[in-house]
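Engineer: With the input below, show me the fold.
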Amino acid sequence: MVPSCLFIDPELAHVGLTETEAQQQGYAIRVAKVDASAVPRARTLGQTDGLLKAIVDADTGHILGCSLLCHEAGEVISTVQMVMQAQMPYTVLRDGILTHPTMTEGLNILFSKF
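Structural biologist: Numbering: from 1, shown residues only. I've put the predicted structure just below:
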């Protein structure tokens, strides 16, 4: 579970499986997407381009993968990686109280889409 980041503008970060990989491996999946413009910190910074996407195992609630195309994606993806490594369900990020306004707070928004 090694995260990656392409430092373009906005940054593109990923950890885990893609939607296609998860389907090919036989997982029953749920997919959530949210525009970066929905993240309060993105709006305050004027950095609203991008998309946040997560893939979750429909049976266990574990995060299978996450791709972030947004401002500070390289920083935010590490939070997702830690939840994945701890084998906690996505609800940890949905329900967690994250600092406001930060880009990481966007994970509350993304994971509330399930």
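Engineer: List the contacts of the most centrally placed residue in the chain.
Structural biologist: By CA atoms, centre = their mean, the chain has its centre lying nearest to residue 66, at 4.6 Å. Applying CB atoms under 8 Å, 6 or more residues apart in numbering, we find residue 66 in contact with 14, 15, 16, 52, 53, 54, 55, 77, 80. Placement of C-beta: from N, CA and C, glycine included.
Engineer: partners of the helix or strand harbouring it, with directions?
Structural biologist: Using DSSP states H and E, residue 66 sits in strand 63-70. Paired neighbours of strand 63-70 in the sheet (DSSP bridges): strand 11-16 (antiparallel), strand 51-57 (antiparallel).
Engineer: tell me the phi and psi of residue 83?
Structural biologist: Note on residue 83: its backbone torsions stand at phi -70, psi -40 [degrees, to the nearest 10].
Engineer: Report the secondary structure state of the closest residue to it other than its chain neighbours.
Structural biologist: The spatially closest residue to residue 83, leaving aside those adjacent along the chain, is residue 92, at 5.4 Å (CB to CB, 6 or more residues apart in numbering). With DSSP: H, G, I helix; E, B strand; the rest coil as the basis, the three-state label of residue 92 is helix.
Engineer: Distance of residue 92 relative to residue 47?
Structural biologist: 26 Å (CB to CB, to the nearest Å).
Engineer: rewinding a little: around the residue nearest to residue 83, how many other residues sit close by?
Structural biologist: Burial measure for residue 92: 16 neighbouring residues, criterion other CB atoms under 10 Å.
Engineer: Quick check, it in contact with residue 84.
Structural biologist: No. No contact is recorded between residue 92 and residue 84 when judged using CB atoms under 8 Å, the distance being 10.3 Å.
Engineer: quick one on the thing from earlier: out of the contacts of residue 66, the closest to residue 107 would be?
Structural biologist: residue 80 (6.8 Å; CB to CB).
Engineer: can you pull the pLDDT of that closest one?
Structural biologist: pLDDT for residue 80: 98.
Engineer: three-state assignment of the residue lying farthest from the centre of the chain?
Structural biologist: Using CA atoms, centre = their mean, the residue of the chain lying farthest from its centre is residue 26. It sits 21.2 Å away. In terms of secondary structure, residue 26 is coil; the call rests on three-state DSSP.
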